[in-house]
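A.B. asks: Quick one, what's the 3D model for this:
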Amino acid sequence: MVQVKKLTIGTGRPKICVPMTGETREELLREAILAKEAGADLVEWRVDCYKEVFQQDQVIETLVLIQEMLDGLPLLFTFRTVEEGGKQDISIREYHDLYQAIIHTGLIDMIDLELFKIESLEKGLLEEIKRLGIPMIISSHDFKETPADPVLLYRLNMMEHFGADFGKLAVMPNNERDVLRLMELTRRAGAFVSMPLITMSMGELGMVTRLSGHLTGSVMTFGALTTEKASAPGQIPIKELKQILTTLNGENRI
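C.D. replies: Alright, predicted model coming up:
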């Protein structure tokens, strides 16, 4: 279990994270209000979608306003690279400098770093994130396939090696077996790693994995503000997602 503000992740139903993908400050502030009103457990700022992402002063000013709109709702900060489904290219130096600046603002509650970027980053950045007590998701996204189980387990082991508080796998299924294989791997991964996991099989075929965390042990799921605002294939609008999870977890019968 990991405590982020008043939210405990890793117990109860999977927590619902809503990505904000606005290109402008005005769009982002509207999305922050809508996510809170819709009942999100936490919000992700996909900063790679933001037009001013390479202007650190603009990013920080926008962070201040987003936190005001969220009014206590935890905020996950993510730059998703093009290689892993993001919107903009970024050099390893720009990636490092952006994260280095953001972690010292006191304006983010969690942070996402991509596994395949970490080996190129200065070791001191990870150490500083740990020192500041910012929960860290280390993630891996594959939009072409669902790699073999040994490959996925190797990635999870590497995430834990680098100090992840959460390991995240998002993969693309090519058939139903890929979906079931990811669910089974998630369920039994506790024998190999001790960190909480966030896993999903993308697209319509893998949609069930966004709902089945209570069975597999995936502690977080991502829901879109609307169908048009989905930041990855297969994301379910938050209102629908919350209703389904509430029913599956028996919360409407308490």
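
A.B. asks: how many neighbours does the closest residue to residue 216 other than its chain neighbours have?
C.D. replies: Residue nearest to residue 216 in three dimensions, not counting chain neighbours: residue 186, with 4.2 Å by Cβ to Cβ, 6 or more residues apart in numbering. Using the backbone N, CA and C atoms, a C-beta is placed for each residue, glycine as well. Neighbours of residue 186 under the rule other Cβ atoms under 10 Å: 24.

A.B. asks: List the buried residues in the helix or strand hosting residue 186.
C.D. replies: Assigned by DSSP states H and E, residue 186 belongs to helix 176-188. Using 16 or more other Cβ atoms under 10 Å as the test for burial, helix 176-188 gives 178, 179, 181, 182, 183, 185, 186.

A.B. asks: possible to save these as CSV with distance to residue 77?
C.D. replies: Output for the buried residues of helix 176-188, formatted as CSV (distance: Cβ to Cβ, whole Å):
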residue, distance to residue 77
178, 30
179, 29
181, 31
182, 26
183, 28
185, 27
186, 25
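
A.B. asks: just the residues you listed now: which is nearest residue 138?
C.D. replies: Distances from residue 138 to the buried residues of helix 176-188, taken as Cβ to Cβ, are shortest for residue 186 (15.7 Å).

A.B. asks: quick one: contacts for that closest one?
C.D. replies: 169, 197, 199, 216, 217, 218 (Cβ atoms under 8 Å, 6 or more residues apart in numbering).

A.B. asks: if you set the cut-off to 10 Å instead, what comes out?
C.D. replies: Taking Cβ atoms under 10 Å, 6 or more residues apart in numbering, we find residue 186 in contact with 152, 156, 169, 197-201, 209, 212-213, 215-218.
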